[in-house]
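In: below are the sequence and a predicted model for it; my questions follow.
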Amino acid sequence: MKTKSVETVQELTKIILALRDERDWKQFHTPKDLAISISLESAELLEHFQWKNEEEVKKHLNEHKKEIGDELSDILSYILIMSHDLGIDLPEVFIKKREADKKKYPIAKAKGKYTKYNKL
């Protein structure tokens, strides 16, 4: 079942904040606990890949796409809540960070390489 397309970070944030506020969960959402939750949900995502070779990962991805999407959604939810609560304009910092990445990883040095910027 397809859902209505949501196009902005602000719309997604409103949706997750409404869910949180309707359940009186803000009291549990300290920066520390949100950071922990992001890490825990990321670990749940990693479990989908643990101990699998490349062929097994491909098969697992096809068979468990919904569950993997659920983990990504949980991670995003906590990121949206945390950025809102800390007054961080996520789209703005995202764009600024990508611009900084372009400088740290110039195409001429970084293209096709996984090397960290300080080793290029």
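Out: Yes, it's here. Numbering: from 1, shown residues only.
In: which of the helices or strands spans the residue in the chain sticking out farthest from the centre?
Out: In terms of distance from the mean C-alpha position of the chain, residue 108 ranks first, at 28.5 Å (CA atoms, centre = their mean). With elements taken from DSSP states H and E, the one containing residue 108 is helix 107-110.
In: buried residues in that helix?
Out: residue 110 (16 or more other CB atoms under 10 Å). (Each C-beta comes from the backbone N, C-alpha and C, glycine too.)
In: for the longest helix along the chain, packing partners?
Out: Using DSSP state H, we find that the single longest helix of the chain is helix 65-85. Under the contact definition 3 or more CB pairs under 8 Å, 6 or more residues apart in numbering; DSSP states H and E, helix 65-85 sits against helix 9-22, helix 31-47, helix 90-104.
In: run the angle between that helix and helix 31-47 for me.
Out: Here helix 65-85 points in a direction 160 degrees away from that of helix 31-47 (axes from the mean of the first three to the mean of the last three CA atoms, to 10 degrees).
In: helix 65-85: how far from the chain's middle?
Out: 6 Å (CA atoms, centre = their mean, to the nearest Å).
In: equivalent analysis for stretch 37-57, please.
Out: 14 Å.
In: now what about it, what contacts it?
Out: 60, 61, 64, 67, 68, 71, 72, 74, 75, 78, 79, 82 (CB atoms under 8 Å, 6 or more residues apart in numbering).
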